[in-house]
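Novice: need a structure here:
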Amino acid sequence: MAKIIHSMIRVLDLDKSMRFYGGVLGLRESHRLDFPDFTLVYLRCPESGFEIELTLNKGREEPYTHGTGYGHIAIVAPDVPAFHAELLKKGYEPAPVKEFKRGDELLARFFFIQDPDGYKIEVLEQHGHYR
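Specialist: Numbers count the residues shown, from 1 in each chain. You can find the predicted model right below:
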């Protein structure tokens, strides 16, 4: 069976994106390929092994568009309110924490944050379906 190993996003400022993904998600560089026209940097999640591939197309200055198809990537955290507060303290700007409920039953607690290029990341609390 196939195994999902990474998702690629294009970035304008590689250093800024690496600081964001390291500071917010704890991802660390696992591999780098540098070519005359572009650089690929793979940032790995130590818990799952999943990677985000940051692609820097050298010389590009115009921001990328996300179109109408891209949604978000999602991660889980044991305590969403505490993680949200930690990010605020570090100077990041996550959206407010929200909850999905069915009556009194909590289905999900989450918030969104955007990386320096505007890609959305959903942070879900480890609960129910989201483990």
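
Novice: Name the surrounding residues that touch the helix or strand hosting V24.
Specialist: When elements are assigned from DSSP states H and E, V24 belongs to helix 14-25. Contact with helix 14-25 is made by 11, 27-29, 39, 41, 43, 45, 52, 54, 56, 75, 87, 90, 92, 113, 115-117, 121, as judged by CB atoms under 8 Å, 6 or more residues apart in numbering. The C-beta positions use only the backbone N, C-alpha and C, and glycine is treated the same way.

Novice: Which of those fall within helices?
Specialist: The subset of these located in helices under the criterion DSSP state H comprises L87.

Novice: So which other helices or strands are in contact with the longest strand anywhere in the chain?
Specialist: Among all segments of the chain classified by DSSP state E, the strand with the greatest residue count is strand 105-114. Strand 105-114 makes packing contacts with helix 80-89, strand 98-102, strand 120-125 when contacts are defined by 3 or more CB pairs under 8 Å, 6 or more residues apart in numbering; DSSP states H and E.

Novice: Convert the shortest one to PDB, retaining C-alpha atoms only.
Specialist: Spelled out, that is strand 98-102. Included here for strand 98-102 are C-alpha records, laid out as PDB according to Å, rounded to 0.1, in the frame of the first residue of the first chain:
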ATOM      1  CA  LYS A  98     -13.700  27.500  18.000                       C
ATOM      2  CA  GLU A  99     -15.800  24.500  18.900                       C
ATOM      3  CA  PHE A 100     -18.000  22.200  16.900                       C
ATOM      4  CA  LYS A 101     -20.700  20.600  19.000                       C
ATOM      5  CA  ARG A 102     -23.700  18.400  18.500                       C
END
